[in-house]
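[1] Pasting the sequence and the predicted model now:
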Amino acid sequence: MAVTEPAPAAPPGAHEAILRRQSLRESAARTYARSLPIVPVRARGLTIEGADGRRYLDCLSGAGTLALGHNHPVVLEAIRAVLDSGAPLHVLDLATPVKDAFTTELFATLPRQLAEHGRIQFCGPAGTDAVEAALKLVRTATGRTGMLAFTGAYHGMTAGALAVSGGGREAGVTRLPYPHNYRCPYGIGGERGAELAARWTENLLDDPKGGLPAPAGMILEPVQGEGGVIPAPDAWLRRLREITERRSIPLIADEVQTGVGRTGAFWAVEHSGVVPDVMVLSKAIGGSLPLAVIVYRDDLDVWEPGAHAGTFRGNQLAMAAGAATLAHVRENRLADRAAVLGARMLGQLQGLAADHPCIGDVRGRGLMIGVELVDPEREDLSSGGPPPPAPALAAAVQRACLRRGLIVELGGRHSSVVRLLPPLTLTDEQAVAVLDRLADAVAAVSRAPHARAGAVAGAGPGAHHRAETGPPH
């Protein structure tokens, strides 16, 4: 298999020089640049061309932002139309035709009950800003302060969003167990494990000696992304909706990464039929440009004017690109396509796992796929649990993929899950190429003499912190 394909290159030495200057100038907090030392200069669809003249298949897609891939024609056309019209590019929160078109298209895609009784708040440019707005909203509406969140969660990097993420330490946040078939906190998995997780939640809320005051809200991801690609069981989600509704606890669904067709439904909550009180939306809704909103039930709209604001709420280019993306996904039924193609890819990856014991689990929903790498030789047969995670092995697979022209990201509590987030425009032929390169990388790494010796290296505090905090939301 060819490692990469030639592409028009930047001036000789530009690639190395740019990377060198980046390492000297940028913050030590940079993330993707460390594991993906490339310098993109052109991109189209699934493909990125680097300054070194190489081409890569991008299965990171801006951490799930690029629903239509890089520089899709409908997105570029929408952006050019605004630029050519002379419309103002910065309008704070004023009404504009561009914003009206975006909100109309967005509401047309939402669960009907929410769309019919919904309000929208434009937030700062990132998903973490929308999470902050959602937390502030439910606290204002209920007059309460505490929050219910879940183990393994990732909601962003600002203070409030980080507090409700899996690694948060805020005393006012109560962390609940998130169902996990492969690494079930109860050692059971399946429907029974999810049932116990829901029962624990209900018991905690109703126990007069449980020490938990009535919370302001519950926030969850319908599929935990940075947490390791863990889909929430539909029955569990419905049970939690019942639990929160009966107790007047607003339910916040963080659809920053799962939205706009990614999981095989336009919004991931639609798999279960759950209608949350608040939806947090960002990433793909901006069509590759910064945009973040919350949509919520109108009876929660008790804010005073100016109670939540932001200078960059009125990104006209992002709204135009977002409206075009939402419409294209809806009109071309790309969510259905993601469901079919994702199921096929999951099946093929499960076949790969059968041949490679270092693949402990393959899971996901739609085109949100995770492959967990483990060290099978360290399995504790007496406990009956799965083998330990292998973060060093996963990192080696990521590097091997990059050498073969495939960009993937790692996630999970120990960064041991190889994640695939290809654009929804992925073709059958491209899917085959992606899986071929991944399979080749896994085979090469598992044959390497160092694979077993270093399989669990790196699972210390640093790796754990990286998995829990994640990249910018």
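    Received, thanks.

[2] Which stretches in the stretch 101-250 of the chain count as helices?
    Listed in chain order, the helices found in the stretch 101-250 of the chain under DSSP state H, counting those that start in this stretch are 112-116, 127-142, 159-163, 190-206, 234-246.

[3] If you count neighbours, what's buried in the fourth one?
    Applying a neighbour-count criterion of 16 or more other C-beta atoms under 10 Å, the buried positions in helix 190-206 are G193, A194, E195, L196, A197, A198, T201, E202, L205. Just so you know, the C-beta spots here come from the backbone N, C-alpha and C atoms, and that holds for glycine as well.

[4] ok, these vs V131, which is closest?
    T201 (20.5 Å; C-beta to C-beta).

[5] The closest one and K209: what is the separation?
    16 Å (C-beta to C-beta, to the nearest Å).

[6] now the strands for the stretch 251-400 of the chain?
    Assigned by DSSP state E, counting those that start in this stretch, the stretch 251-400 of the chain shows strands spanning 251-254, 278-281, 293-297, 359-365, 368-373.

[7] what lines up beside the first one in the sheet?
    When sheet partners are counted by DSSP bridges, strand 251-254 sits next to strand 217-220 (parallel), strand 278-281 (parallel).

[8] ok, now the longest one?
    On the basis of DSSP bridges, the sheet neighbours of strand 359-365 come out as strand 368-373 (antiparallel).

[9] pLDDT of the partner strand, averaged?
    Mean per-residue pLDDT for strand 368-373: 98.

[10] which residues are in contact with it?
    Contact with strand 368-373 is made by 64, 182, 223, 225, 228-230, 257-258, 262-263, 342, 345-346, 349, 353, 358-364, 389-391, 393-394, 397, 411-412, 416-421, 438, 455, as judged by C-beta atoms under 8 Å, 6 or more residues apart in numbering.

[11] Now the buried members of these.
    Using 16+ other C-beta under 10 Å as the burial test, those include 64, 182, 223, 225, 228-230, 257-258, 262-263, 342, 345-346, 349, 353, 358-364, 389-391, 393-394, 397, 411-412, 416-421, 438, 455 as buried.

[12] for the strands of the stretch 251-400 of the chain, which one sits closest to I188?
    strand 359-365 (15.5 Å).

[13] on that earlier part again, let me know which of the strands paired with strand 251-254 is the nearest to A81.
    Comparing those by C-beta to C-beta, strand 278-281 comes nearest, at 22.9 Å.

[14] Quick one: mean pLDDT over the closest one.
    So the average pLDDT for strand 278-281 ends up being 98.

[15] List the neighbours of that strand that are in contact with it.
    106, 110, 114, 127, 130-131, 134, 137-138, 155, 217, 219, 250-256, 259, 267, 269, 292-297, 300.

[16] hey, C-alpha coordinates of it in PDB?
    Extracted in PDB, the C-alpha atoms of strand 278-281 (Å, rounded to 0.1, in the frame of the first residue of the first chain):
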ATOM      1  CA  VAL A 278     -32.300  22.400  26.300                       C
ATOM      2  CA  MET A 279     -30.100  21.400  23.400                       C
ATOM      3  CA  VAL A 280     -26.500  22.700  23.100                       C
ATOM      4  CA  LEU A 281     -25.400  23.000  19.500                       C
END
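
[17] Report the distance from it to the chain centre.
    Distance of strand 278-281 from its chain centroid, counting by C-alpha atoms, centre = their mean, to the nearest Å, is 13 Å.
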